[in-house]
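S.K.: Return a 3D structure for these sequence lines:
(2 chains)
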There are 2 protein chains.
Amino acid sequence: MKCFSVVKDMQNFAEFMKKKNCVIGLVPTMGALHEGHLALMRTAKAACDIVIASVFVNPTQFGPNEDYDAYPRRFEEDCKKLESVGVDAVFHPEPAEMYPNGYCTYVQVEGDITHCLCGAQRPVHFRGVATVVTKLIHITLADEAFFGQKDAQQVVIIRRFVQDLNIPVHINMVPIVREKSGLARSSRNAYLSPSEKKTALILSQSLKKAQLAYALGERDVEILKKTVIDSLHTEKMAVIDYVELFSFPALAPIHTVRETSLLAIAVKIGETRLIDNVILGEGIK
Amino acid sequence: MKCFSVVKDMQNFAEFMKKKNCVIGLVPTMGALHEGHLALMRTAKAACDIVIASVFVNPTQFGPNEDYDAYPRRFEEDCKKLESVGVDAVFHPEPAEMYPNGYCTYVQVEGDITHCLCGAQRPVHFRGVATVVTKLIHITLADEAFFGQKDAQQVVIIRRFVQDLNIPVHINMVPIVREKSGLARSSRNAYLSPSEKKTALILSQSLKKAQLAYALGERDVEILKKTVIDSLHTEKMAVIDYVELFSFPALAPIHTVRETSLLAIAVKIGETRLIDNVILGEGIK
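M.R.: From the prediction side, this is the model:
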């Protein structure tokens, strides 16, 4: 597996591969890789000739009081995992390589899709995500890029700016990977103490209850949300940030589930903010 | 010459040419083509295998009280000129093709380079320019893009975001083309009455006076600016918007010309706002 830390080197490699007519897949990550990431890599490997993973804890998507410094960094371990699934190259730049002195350009996605859900509590987050993903696509000349459904709002926003800016790349969304217990895989799970990890099971359990209610015919958004909220309230250590049900991918407010919709939650367990979601009515037209 | 009005068709053509290893040149214009534009086309032809010109009066770079509706549109005439210099394809989309319903992404270049000079009076202008140029580069898969020095600040901003976002394109700046009288070619010259056109000569004349002073050894920024201002004041119909002298390409304030610098002016002649500039000390290191 090749390893690049300089933008120009990474871009030259990608250009070389492109000239050979290789289909290039990109899997952007912030490292601390888990099974969810590896599922992205495997999906990319199946779809592309060359897979480039990026490992970069992107400072511009963290707010001033968020966990940028604390975010887990374990690059050597990550490289072993990437090699084990056949990733061809890893891009691992320093922050100053991505944002040198004088840097001043941001990709800004305006409108409701960035202000709802995680955007409400994290005002600069999606600007940082849109900016770094734009950079990574240009640096790797990716034809296909792969993102996890766990960050469903992120996928919606990335698809939006890719379409708006006519970036010649296809955005793929890969299903959430869960532990046996149901807990969605996340690098931030590493912050949880054993007892907090137990408490965190309430996220997926509460979503499952709403999924069951939906399967039994419930379509009222307030009732479906209340099912989740009541379930989360059974865990005193779980502090709700939001429980929302929006149309998907438009992320528009709805009263009744009549189209494909996203039921998404953010919950604080101790100091750790976790998110999870399910898509309801997939395939409704 | 091929003519495209649909993004996907333009992108498919570009992709086809790219697969043949053609070097693609892009010359973005708002139409109403003049000799200045044709110089860009000829430079592009000399440097690239395929030249794509875009003709699009971009609504997002006009402020609410600017001349978007009045801006001259003469596409058929433009096409003849483009064919005469051997342009291979023209991209001429409708506004709704570039900014369809739900469009919400902007490329924002922050910092002094967008707030000084034309950015002071035209707050959304460069956001619109950065956004549409990003789109056009993606739509045409351009390897080289060509812009006129007359919009020198625009070139600085485009080079900035291209570098910041790692867009794999090279930005070329082509010298100003002037009428015999010295008047810089501009589509907005069409707004001028014969007597205003005479008055407008004061722009290039005032810059020439400063250039002469510089050639004779003057390096003091205030004195060089005053040379221009005094000259402009000899024409009562000329209303100064700005006379500025900044380092180039940083566009940083300076007191003494010790490095390559941009002497730029914006002047209203009647209802028409004209700009012009000269670069001083080119090649100083």
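
S.K.: By mean pLDDT, flag the weakest helix or strand of chain A.
M.R.: Least confident helix or strand, chain A: helix A:118-121 with a mean of 90, by mean pLDDT, DSSP states H and E.

S.K.: and the angle for the helix or strand following that one with helix B:125-140?
M.R.: Heading C-terminal from helix A:118-121, the first helix or strand you meet, by DSSP states H and E, is helix A:125-140. If you take axes from the mean of the first three to the mean of the last three CA atoms, to 10 degrees, helix A:125-140 sits at 40 degrees to helix B:125-140.

S.K.: that older thread, for the least confident helix or strand of chain A, packing partners?
M.R.: Contacts defined by 3 or more CB pairs under 8 Å, 6 or more residues apart in numbering or on different chains; DSSP states H and E place helix A:118-121 against helix A:125-140, strand A:238-247. All C-beta spots, glycine's among them, are computed from the backbone N, C-alpha and C.

S.K.: In the shortest one, which residues are buried?
M.R.: In this case it means strand A:238-247. A:238, A:241, A:243-247 (16 or more other CB atoms under 10 Å in any protein chain shown).

S.K.: hang on, the earlier thing: in JSON lines: the helices and strands packed on helix A:118-121, plus mean pLDDT.
M.R.: Listed next are these as JSON lines, based on pLDDT from 0 to 100:
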{"stretch": "helix A:125-140", "mean pLDDT": "98"}
{"stretch": "strand A:238-247", "mean pLDDT": "97"}
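
S.K.: So which residues of the stretch 151-285 of chain A form helices?
M.R.: A:152-164, A:194-199, A:201-215, A:221-233 (DSSP state H, counting those that start in this stretch).

S.K.: Buried deepest among those, which one?
M.R.: Highest mean neighbour count of these: helix A:152-164, a mean of 22 (counted as mean count of other CB atoms under 10 Å in any protein chain shown).

S.K.: contacts for that helix?
M.R.: A:107, A:109, A:113-114, A:116-119, A:126, A:129-130, A:133-134, A:137, A:145, A:147-149, A:167, A:169, A:171, A:173, A:248-249, A:251, A:262, A:264, A:277, A:279, B:103-105, B:135 (CB atoms under 8 Å, 6 or more residues apart in numbering or on different chains).

S.K.: how far away is the spatially most central residue of chain A from residue A:240?
M.R.: Chain A has residue A:151 as the residue nearest its centroid, 3.4 Å off, counting by CA atoms, centre = their mean. For residue A:151, the distance to residue A:240 (CB to CB, to the nearest Å) stands at 19 Å.

S.K.: So for residue B:95, which of the helices and strands packed on helix A:118-121 sits nearest?
M.R.: helix A:125-140 (23.1 Å; CB to CB).

S.K.: Wondering if the closest one reaches chain B at all.
M.R.: Yes. Judged by CB under 8 Å from any CB of the partner chain, helix A:125-140 comes into contact with chain B through A:130-131, A:134-135, A:138-139.

S.K.: Might you calculate how far the helix or strand immediately after that helix in the chain sits from the centre of the chain?
M.R.: Once helix A:125-140 ends, the next helix or strand along the chain (criterion: DSSP H and E) is strand A:144-148. Relative to its parent chain, strand A:144-148 has a centroid offset of 9 Å by CA atoms, centre = their mean, to the nearest Å.

S.K.: still on that earlier bit, closest one of the buried residues of strand A:238-247 to chain B?
M.R.: Checking the buried residues of strand A:238-247 against chain B by CB to the nearest CB gives residue A:247 as the nearest, at 12.9 Å.

S.K.: My understanding was that that closest one contacts residue A:264; is that so?
M.R.: No. Counting by CB atoms under 8 Å, residue A:264 is not a contact partner of residue A:247; they are 11.9 Å apart.

S.K.: in the stretch 151-285 of chain A, what residue is nearest chain B?
M.R.: Closest point on the stretch 151-285 of chain A to chain B, by CB to the nearest CB, is residue A:164, at 3.6 Å.

S.K.: sorry, back to before: just send the helices of the stretch 151-285 of chain A back as a markdown table, with distance to residue B:233 and mean pLDDT too.
M.R.: As requested, the helices of the stretch 151-285 of chain A are exported to a markdown table (distance: least, CB to CB, whole Å; pLDDT from 0 to 100):
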| stretch | distance to residue B:233 | mean pLDDT |
| --- | --- | --- |
| helix A:152-164 | 46 | 98 |
| helix A:194-199 | 73 | 97 |
| helix A:201-215 | 71 | 98 |
| helix A:221-233 | 67 | 98 |
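
S.K.: So which of those helices is nearest residue A:180?
M.R.: helix A:201-215 (10.8 Å).

S.K.: for the closest one, packing partners?
M.R.: helix A:221-233, strand A:261-269, strand A:272-280.

S.K.: at 6 Å what do you get?
M.R.: helix A:221-233, strand A:272-280 (3 or more CB pairs under 6 Å, 6 or more residues apart in numbering or on different chains; DSSP states H and E).

S.K.: With distance to residue B:13 as extra columns, can I get the ones you listed in JSON lines?
M.R.: Shown next, in JSON lines, are the helices and strands packed on helix A:201-215 (distance: least, CB to CB, whole Å):
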{"stretch": "helix A:221-233", "distance to residue B:13": "45"}
{"stretch": "strand A:272-280", "distance to residue B:13": "37"}
